[in-house]
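K.L.:
Sequence and predicted structure are below.
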Amino acid sequence: MIDPTRTWQMLEQRLETTTNPRHRQVLGIVLEHMKAEAEPDLDRLTATVSKDAAYHFWGASGDNGPKGHDGVREYYAAFVASNANHLEYRMDRLIVDDHALVTEGDLHMLLPGATARQVGFPADDADADYLYVSRQLIVWPVDEDGLITAEDSYTSGPLEFRKLTREELPQAYLDQVRPQPA
């Protein structure tokens with residue numbers, strides 16, 4: 001179902017054929033960011049972010065992204081604590097230039113019920129697990145030092161949101177979120 005390695009597959013393929021050093025730097029920092037997010041490793045993740053970062057998460061209610069390095073770190077600390085790092089961004093478009101990377105595709109994310117409720121999804125069971133799918137376009141600006149200054153994301157909102165059975169959940173998710181007593 002969810003294979004986080006597919007999230008960065010297109011970036012790795014582009015890196016194989018890209019010779020422009022600046023484009024390789026832009027691709028590389030976003031790749032590092034995605035892998036740290038999947039792990040999840042808060043220090044590694046925030047090391048990819050500029051001190052002057054200002055994220056913009058655009059949706060129906062406007063922009064609700066964190067601002068400043070401390071705000072972004074707080075956002076990622078909550079993300080790591082929420083166990084929402086089991087995701088797959090199925091990209092079908094990637095554009096890179098000297099200043100940014102643009103990605104577009106469908107985001108598939110596993111969410112514990114309590115986390116889903118906390119972010120406003122209609123999760124009827126806090127102890128269940130859910131699949132959230134949305135269409136996303138993300139602009140990843142990168143500064144002259146090679147650090148990410150924003151994740152400017154535009155989303156369709158939920159295309160799918162449904163409760164999953166235990167059998168539908170990958171083992172890595174179960175091990176992290178629903179470990180069995182020894």
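P.N.:
Received the coordinates, thanks. Numbering: from 1, shown residues only.
K.L.:
only C-alpha atoms for contact and neighbour calcs from this point on.
P.N.:
Fine.
K.L.:
Test my guess that Gln25 contacts Gly146.
P.N.:
Yes: Gln25 sits in contact with Gly146 when judged by C-alpha atoms under 8 Å, with a separation of 6.4 Å.
K.L.:
got a pLDDT number for the closest residue to Thr149 other than its chain neighbours?
P.N.:
Closest residue to Thr149 apart from its sequence neighbours, by C-alpha to C-alpha, 6 or more residues apart in numbering: Ala53 at 4.2 Å. Listed pLDDT for Ala53 reads 97.
K.L.:
ok, now Ala182?
P.N.:
The model's pLDDT for Ala182 equals 67.
K.L.:
now Arg178
P.N.:
For Arg178, the pLDDT comes out at 83.
K.L.:
With Pro170 instead?
P.N.:
The model reports Pro170 with a pLDDT of 88.
K.L.:
Count the residues that sit near it.
P.N.:
Other residues lying near Pro170 total 14 when counted by other C-alpha atoms under 10 Å.
K.L.:
That one reaches Ile2, doesn't it?
P.N.:
Yes: using C-alpha under 8 Å, Pro170 is in contact with Ile2, at 7.1 Å.
K.L.:
mind checking the SS state of the closest residue to Leu94 other than its chain neighbours?
P.N.:
Of all residues not flanking Leu94 in the chain, Thr103 sits nearest, at 4.6 Å (C-alpha to C-alpha, 6+ apart). What DSSP: H, G, I helix; E, B strand; the rest coil gives for Thr103 is strand.
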